[in-house]
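In: Here you go, sequence then predicted model.
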2 protein chains.
Amino acid sequence: MGRLGEFIGFRLRRVQNLLSKDFASATRKYNLRSGLFSSLSLISSNPGISQNELSAAVGLDKSTFVQVIDELEKRGLAKREKSKTDRRRHALFVTDEGQIFLNELYEIMAKTESAALKQLSPSELSLLKALLDRMYEVL
Amino acid sequence: MGRLGEFIGFRLRRVQNLLSKDFASATRKYNLRSGLFSSLSLISSNPGISQNELSAAVGLDKSTFVQVIDELEKRGLAKREKSKTDRRRHALFVTDEGQIFLNELYEIMAKTESAALKQLSPSELSLLKALLDRMYEVL
DNA sequence: TATTGTTATACTCTATAACTATA
DNA sequence: TATAGTTATAGAGTATAACAATA
């Protein structure tokens, strides 16, 4: 790999690439549009979140989420509700069916990561998380 | 972040996202097409590599690299040479100018990572690399 | 027949700008 | 005026399929 292999970003990316490819192939049958999983998860963890807040959390433009949420609604996984206090906003909620589906995706994600995590002892894993968090906070 | 934050892939991605955004903004003036840096680096480390081998190493389709290498040639950073032994193949080489530019990109990458790496002691950094390599090898 | 590089093409992802309805 | 959501649109990035040259 040459000097590219000296960089920590290279190592991060190649592990993450494999994980995300594994997750993509494990969920291919669900035909998950980009951002659907993370949106569903964030709505679940933050009931009533607006589309604007969601886009800020994910770091993509708000226009990106219109189709994502259209699809979540069409699939019956989440729904928009007009805010009573500010009628411009849509409060977003995960449906019961959406929560079941989301739990299934969490399971698949956990299984995807399990092979990699088996290589690490519990203390190594918590150290890895701590190191990554320290790097994230300073960037 | 909810349960999404429990996954190691989430932590890997968010650190790597920040690193790659920082690198992108630090190199914006060079107008680097996707794959140009990694291709130039791999050609430099593997002189005479073919387009097919390059695409296999990066994990993208060979058709993707036609335009990347067109641009590397147009900028005078690398060149194609017809292989003597198999006239279908193009042996790829970095020019002197390309090597100078590549070294500059390595510098920028190192500077990009330095903020994050300052958070880690030398032994933590080498452990982090080892853990990531162990995860990569098993995936 | 199979492989290397090429072209044409289409699809996904994402951003920007302009619009609407509200505030 | 400003903000939330929407629409239209354009630009990247990538893959697939078909092709020419060569093996």
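Out: Yep, it's here.

In: which residues touch the residue nearest the centre of chain A?
Out: Nearest to the geometric centre of chain A sits A:Ser38, at 2.8 Å (Cα atoms, centre = their mean). By Cβ atoms under 8 Å, 6 or more residues apart in numbering or on different chains, A:Ser38 lies in contact with A:58, B:4. All C-beta spots, glycine's among them, are computed from the backbone N, C-alpha and C.

In: What of the one 5 residues further on?
Out: Listed by Cβ under 8 Å, 6+ apart, the contact set of A:Ile43 reads A:49, A:54, A:72, A:78, A:92-94.

In: could you list every residue that touches the spatially closest residue to it that is not a sequence neighbour?
Out: Of all residues not flanking A:Ile43 in the chain, A:Leu92 sits nearest, at 4.7 Å (Cβ to Cβ, 6 or more residues apart in numbering or on different chains). By Cβ under 8 Å, 6+ apart, A:Leu92 lies in contact with A:43, A:47-51, A:54, A:69, A:78-81.

In: Intersect those with the contacts of DNA strand C.
Out: Among these, no residue is within reach of DNA strand C (Cβ under 7 Å from any atom of the strand).

In: hmm, back to that, for the contacts of A:Ile43, which entry has the maximal number of neighbours?
Out: A:Leu92 (26 neighbours; other Cβ atoms under 10 Å in any protein chain shown).

In: Which strand residues bridge it?
Out: In this structure, A:Leu92 bridges to A:Ile49, A:Arg80 when assessed by DSSP bridges.

In: got a pLDDT number for it?
Out: A:Leu92 carries a pLDDT value of 98.

In: how much space between it and chain B?
Out: As for A:Leu92, its distance to chain B is 14 Å (criterion: Cβ to the nearest Cβ, to the nearest Å).

In: anything in the helix or strand that contains the residue nearest to the centre of chain A near DNA strand D?
Out: Taking DSSP states H and E as the definition, one finds A:Ser38 inside helix A:36-45. No. On the criterion Cβ under 7 Å from any atom of the strand, helix A:36-45 is out of touch with DNA strand D, staying 11.4 Å away.
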